[in-house]
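A.B. asks: with the input below, show me the fold.
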Amino acid sequence: MNCDTEQKMNELNNKLQTISEEQRHNQFAIQKQEQRELALDQLKNQGRRVFDRVLETWYKDKELGHSFLDMRQDVQHTERKLTLELENEKEALRQEKKRLEDREHELYYERKKLSSEVKS
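C.D. replies: Alright, predicted model coming up:
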């Protein structure tokens, strides 16, 4: 293997190592994002139960009932906003994962091609 080919092979290996590290970071970010989704779902369920209990308790007091309904709507609006943000983050992480996988395949192909050229 000549010096130029060896240098190219080393560059490809370094790029593959970098991609591998980026994939690990991406996978960690995906796991953290999934944990945040689960936590948000748990909070939503707890919030619904709390508001249901409060409204059951204070159903006779119309003014207080309306205040709690307004608060519930505000909470639901915030929940929808957070859900949308998490979905957008999830999509961005998936796109990044796909980009990294595609780049990894390209680099492996280049390395295989270079190895074939050396053997011939």
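A.B. asks: please make it C-alpha for all contacts and neighbour counts, starting now.
C.D. replies: Noted.
A.B. asks: quick one: low-confidence parts of the chain?
C.D. replies: For the chain, the stretches with pLDDT under 70 are 1.
A.B. asks: try 80 this time
C.D. replies: Applying pLDDT under 80 to the chain flags residues 1, 58-59, 120.
A.B. asks: mind listing the helices for it?
C.D. replies: 3-57, 62-119 (DSSP state H).
A.B. asks: could you dump those helices into a markdown table with mean neighbour count added?
C.D. replies: A markdown table is the format used below for these (neighbours: other CA atoms under 10 Å):
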| stretch | mean neighbour count |
| --- | --- |
| helix 3-57 | 14 |
| helix 62-119 | 14 |
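A.B. asks: which ones are touching K44?
C.D. replies: Contacts here follow CA atoms under 8 Å, 6 or more residues apart in numbering; on that basis K44 touches E79.
A.B. asks: next one: it from E85, what distance?
C.D. replies: Distance, K44 to E85, by CA to CA, to the nearest Å: 15 Å.
A.B. asks: ok, now V75?
C.D. replies: Applying CA to CA, the value for V75 to E85 is 15 Å.
A.B. asks: for L64, same thing?
C.D. replies: Going from L64 to E85 by CA to CA gives 32 Å.
A.B. asks: now swap in H77 and tell me
C.D. replies: Distance from H77 to E85, counting by CA to CA: 12 Å.
A.B. asks: repeat for K97
C.D. replies: K97 sits 18 Å away from E85 when distances are taken as CA to CA.
A.B. asks: how about the contacts made by R72?
C.D. replies: Counted by CA under 8 Å, 6+ apart, R72 has contacts F51.
A.B. asks: number the residues from 832 up from this point.
C.D. replies: That works, and once the first residue is 832, the last one we named lands at R903.
A.B. asks: so how far is D872 from it?
C.D. replies: According to CA to CA, R903 and D872 sit 16 Å apart.
A.B. asks: and if you look at E842?
C.D. replies: Applying CA to CA, the value for E842 to D872 is 45 Å.
A.B. asks: now swap in H936 and tell me
C.D. replies: Distance from H936 to D872, counting by CA to CA: 36 Å.
A.B. asks: and if you look at T849?
C.D. replies: As for T849, its distance to D872 is 35 Å (criterion: CA to CA).
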